[in-house]
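1. kindly generate the corresponding structure for this input.
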Amino acid sequence: MAISELACIYSALILHEDEVMVTEDKINALIKAAGVNVEPFWPGLFAKALAIVNIANLICNVGVGGPAPAADGAAPAEGAAPASTAPPSEENKKEEARKEESGESNDDMGFGLFD
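-> Have a look, this model is predicted:
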């Protein structure tokens with residue numbers, strides 16, 4: 001990530017933490033106080049992007065995977081399963097090992113890539 005982007009991100013986080021409205025001028029003031037040189041379009045870009053977002057929710061939901069919810073509140077597609085971030089249990093590991101030993105794996109279809 002570029003220094004300009006990081007400077008704007010940190011400035012926005014500082015402003016949010018101090019419960020101050022994130023604006024281009026305030027981002028520029030923090031960047032200037034830090035002595036960082038940024039390309040002039042970055043502070044305005046960040047200010048406009050963060051004006052339409054709840055920053056607290058953005059921070060709390062970093063790294064959360066899975067599909068985005070439908071805009072109209074429609075139910076997920078049939079057959080769609082929720083993404084699981086939990087590690088596989090010991091029972092699942094044992095089942096996979098048993099399948100591999102007995103040849104029940106779906107990966108081996110009886111032919112190789114270069115046959």
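
2. residues near L6, how many?
-> 13 (other Cβ atoms under 10 Å). C-betas here are computed from N, CA, C, even on glycine.

3. before we move on, what about the one 4 residues further on?
-> Residues near Y10, counting by other Cβ under 10 Å, number 15.

4. how near is it to E91?
-> Relative to E91, Y10 is positioned 45 Å away (criterion: Cβ to Cβ, to the nearest Å).

5. and if you look at M21?
-> M21 is 52 Å from E91, by Cβ to Cβ.

6. before we move on, what about V22?
-> From V22 to E91 the distance is 48 Å (Cβ to Cβ).

7. who has more neighbours out of these two?
-> Neighbours of V22 and E91, each counted by other Cβ under 10 Å, are more numerous for V22; the result is 22 against 8.

8. on the pLDDT front, check that one for me.
-> If you check V22, the pLDDT there is 91.

9. tell me the contacts of it?
-> A12, L15, H16, F46, A47, L50, A51, I55 (Cβ atoms under 8 Å, 6 or more residues apart in numbering).

10. same thing but at 7 Å, please
-> A12, L15, H16, A47, L50 (Cβ atoms under 7 Å, 6 or more residues apart in numbering).

11. which helix runs longest in the chain?
-> helix 3-17 (DSSP state H).

12. now that one: buried residues?
-> S4, A7, C8, S11, A12, L15, H16 (16 or more other Cβ atoms under 10 Å).

13. what does that helix rub up against?
-> Outside helix 3-17, the residues touching it (Cβ under 7 Å, 6+ apart) are 22, 26-27, 30-31, 34, 36, 38-39, 42-43, 46, 50, 55.

14. then stretch 30-46?
-> So stretch 30-46 is contacted by I3, S4, E5, A7, C8, S11, A12, I14, E24, I27, N28 (Cβ under 7 Å, 6+ apart).

15. quick one: the fifth one from E91, how far?
-> If you measure C8 against E91 using Cβ to Cβ, the figure is 47 Å.
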